[in-house]
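J.: Could you look at this predicted model? Sequence included:
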Amino acid sequence: ERTFSKLTDRVIVLNRSALKKINSVLSPRKTRLIYDGIDLNFEVKEADVRVIKEELGFQGEFCVGFMGRLVVDKEVSVFIRAAALVKQRHTYVKFLIVGADPDGNNQYREYLDALVEELGLKGDIVWAGWRHKKYDWISVMDVLVQTSSHEGFGLTCVEAMALAKPVIASDIPGPGDIVENGKTGYLVTPKDPHALGQAIIKLIESPKLVLQLGLAGQGSMRRRFDIKRNVEEIKTVYREL
């Protein structure tokens with residue numbers, strides 16, 4: 001970064017932690033924090049969501065969802081271990097995992113399957129595989145959980161917030177910039193199934209809180225993460241140069 005700073009007029013970063021780190025080696029006048037964003041011109045049809053629920057065999061259970069690549073740093077095992085803790089207290093819950101290994105290597109999936117078996121969660125963990133209509137699948141969830149130990153940003157959190165879904169995320173750079181703890185969702189200690197499980201239980205036991213956090217998150221998302229705003233900020237950088 002010190003080397004390339006001599007060739008660079010501006011560096012755009014995606015989270016506050018990255019900005020702090022890069023400002024230690026670059027002049028702050030060369031750096032700019034611009035969050036990622038999503039296109040809000042999407043449509044979710046209730047009939048399509050209903051078809052998915054029928055496909056999954058869901059019959060009104062509270063649905064806790066994970067969406068992402070099945071790779072080690074996504075810490076899907078933490079999601080599964082938290083599910084086991086939640087099931088000790090609430091049985092009318094389903095845990096939906098939407099995603100697959102992008103490299104087609106099933107070694108991590110095999111480990112996760114063994115963990116599900118070990119914890120007695122077969123039937124409670126629902127594997128959906130990779131799906132393209134992500135907004136339809138997020139709509140099936142009551143809450144989205146993001147368990148990563150490392151993220152550049154965490155776009156799935158923003159996508160869930162756009163659908164008024166509360167988000168429980170690891171308190172790490174990226175998601176820590178997106179989720180306002182206690183206002184739009186919860187930030188929990190990374191790699192801590194107990195902390196995650198407690199946050200999930202809190203939402204299961206308070207439908208009013210689910211609605212409140214979800215609507216607050218949707219409002220926050222529209223103010224901060226609309227792709228149009230992101231594009232205009234990047235254009236501004238180019239104009240300045």
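T.: That came through fine. For clarity, every value in this text was computed on a predicted model and none was experimentally measured.
J.: Give the residue spans of the chain that score low on pLDDT.
T.: The model of the chain has no residue with pLDDT under 70.
J.: May I have the distance across stretch 136-150, first residue to last?
T.: 26 Å (Cα to Cα, to the nearest Å).
J.: what's the spacing between residue 55 and residue 225?
T.: 30 Å (Cβ to Cβ, to the nearest Å). For the C-beta atoms, the positions are set from N, CA and C on the backbone; glycine is no exception.
J.: out of the two, which sits in the more crowded spot?
T.: residue 225 (23 against 10; other Cβ atoms under 10 Å).
J.: Quick check: which element contains the residue nearest the centre of the chain?
T.: Nearest residue to the geometric centre of the chain (Cα atoms, centre = their mean): residue 157, 3.5 Å. Assigned by DSSP states H and E, residue 157 falls within helix 155-162.
J.: Summarise which helices and strands that helix is packed against.
T.: Counting contacts by 3 or more Cβ pairs under 8 Å, 6 or more residues apart in numbering; DSSP states H and E, helix 155-162 is packed against helix 134-140, strand 143-146, strand 167-170, helix 175-178, helix 207-224.
J.: which stretches of the chain form strands?
T.: Applying DSSP state E to the chain gives strands spanning 11-13, 31-33, 62-67, 93-98, 125-129, 143-146, 167-170, 185-188.
J.: Span of stretch 155-172 from start to end?
T.: Terminal-residue distance, stretch 155-172 (Cα to Cα): 14 Å.
J.: Now do it: distance to the chain's middle.
T.: From the chain centre to the centre of stretch 155-172 is a distance of 5 Å (Cα atoms, centre = their mean, to the nearest Å).
J.: Pull out the buried positions in it.
T.: 155-170, 172 (16 or more other Cβ atoms under 10 Å).
J.: now swap in stretch 2-17 and tell me
T.: For stretch 2-17, by 16+ other Cβ under 10 Å, it's 11, 13-15.
J.: hmm, who's touching it?
T.: With Cβ atoms under 8 Å, 6 or more residues apart in numbering as the contact definition, stretch 2-17 has outside contacts at 19, 22, 25-27, 30-36, 152-153, 173-174, 176-177, 234, 237, 240-241.
J.: Any of those buried? List them.
T.: 19, 22, 26, 31-36, 153, 173-174, 176-177.
J.: Out of those, name the two that are farthest from one another.
T.: Greatest spatial distance in the buried ones among the contacts of stretch 2-17: 26 and 176, 21.8 Å, computed using Cβ to Cβ.
J.: Can you give me the first-to-last residue distance of stretch 10-27?
T.: From its first residue to its last, stretch 10-27 covers 10 Å (Cα to Cα).
J.: Same check on stretch 34-43?
T.: End-to-end span of stretch 34-43 (Cα to Cα): 26 Å.
J.: what about it, distance to the chain center?
T.: 14 Å.
J.: Kindly reformat the buried ones among the contacts of stretch 2-17 as CSV containing distance to residue 214.
T.: Listed next are the buried ones among the contacts of stretch 2-17 as CSV, based on distance: Cβ to Cβ, whole Å:
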residue, distance to residue 214
19, 29
22, 34
26, 38
31, 33
32, 31
33, 26
34, 26
35, 20
36, 21
153, 20
173, 24
174, 20
176, 19
177, 19
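J.: Contact partners for the closest residue to residue 171 other than its chain neighbours?
T.: In space, and not counting its chain neighbours, residue 171 is closest to residue 187: 3.9 Å by Cβ to Cβ, 6 or more residues apart in numbering. When contacts are counted by Cβ under 8 Å, 6+ apart, residue 187 touches 168-171, 175-176, 179, 181.
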